[in-house]
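Trainee: Provided below for reference: sequence and predicted model.
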Amino acid sequence: MQDFGDLRVARTIGNWYWFEQYALFGARGTFWCKLVIMKEIKKAKRVPSAYRKLEDVIGCKWSVSVLIAVGEGVNRPGALERHIAGISKKVLSERLRKLTGFGLLEKHSYAEVPPRTEYSLTQYGHRVVQIITEIQALDAELANGHTGMVKD
């Protein structure tokens with residue numbers, strides 16, 4: 001049996017699947033190959049589902065605050081920082097980037113001096129804000145003791 005511990009030799013083989021199996025189940029000098037393959041497997045597992053993304057948004061108090069503020073018409077990062085009490089620039093920029101990546105916010109950059117950036121809600125962002133508003137209304141209703149349920 002030949003020793004394919006060197007990646008350059010394995011690339012010339014042309015049968016990458018065989019080499020992956022060989023590297024995963026042990027061969028001399030395949031630690032680097034195992035490391036590369038395991039990184040690819042982890043990267044593939046990191047793609048979150050739509051539910052996990054929504055859970056990340058709803059579970060974060062800053063994301064909810066940012067979405068509500070943008071829904072109220074506060075659309076510039078500096079104005080958002082002043083509007084949301086206690087949020088830092090770092091957390092705000094992280095949340096804006098994440099919400100934009102999830103497709104809930106849309107970023108508009110204007111080529112002006114000084115540069116101007118504004119955010120707006122997407123169609124999905126409007127739906128999430130509507131759900132958050134309904135949850136807040138339910139919370140207020142429960143706090144007032146008006147659950148609408150009939151006691152037996």
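Mentor: Yes, it's here. Everything numeric here is computed off the predicted structure, so don't read it as measured data.
Trainee: Please list all residues in contact with Ile84.
Mentor: Neighbouring residues of Ile84 by Cβ atoms under 8 Å, 6 or more residues apart in numbering: 62, 65-66, 69, 92. C-beta coordinates here come from the backbone N, C-alpha and C atoms, glycine included.
Trainee: Swap in 6 Å and give it another go.
Mentor: If a contact means Cβ atoms under 6 Å, 6 or more residues apart in numbering, then Ile84 has 65, 69 as its contacts.
Trainee: So it versus Arg127, what's the distance?
Mentor: 21 Å (Cβ to Cβ, to the nearest Å).
Trainee: One more: Leu104?
Mentor: Relative to Arg127, and taking Cβ to Cβ, Leu104 is found at 9 Å.
Trainee: When these two are compared, which one has more neighbours?
Mentor: Taking neighbours as other Cβ atoms under 10 Å, Leu104 and Arg127 compare with Leu104 leading, 25 against 12.
Trainee: My guess is Tyr119 contacts Leu104. True?
Mentor: No. The criterion here is Cβ atoms under 6 Å, and Tyr119 misses it with Leu104 at 9.9 Å.
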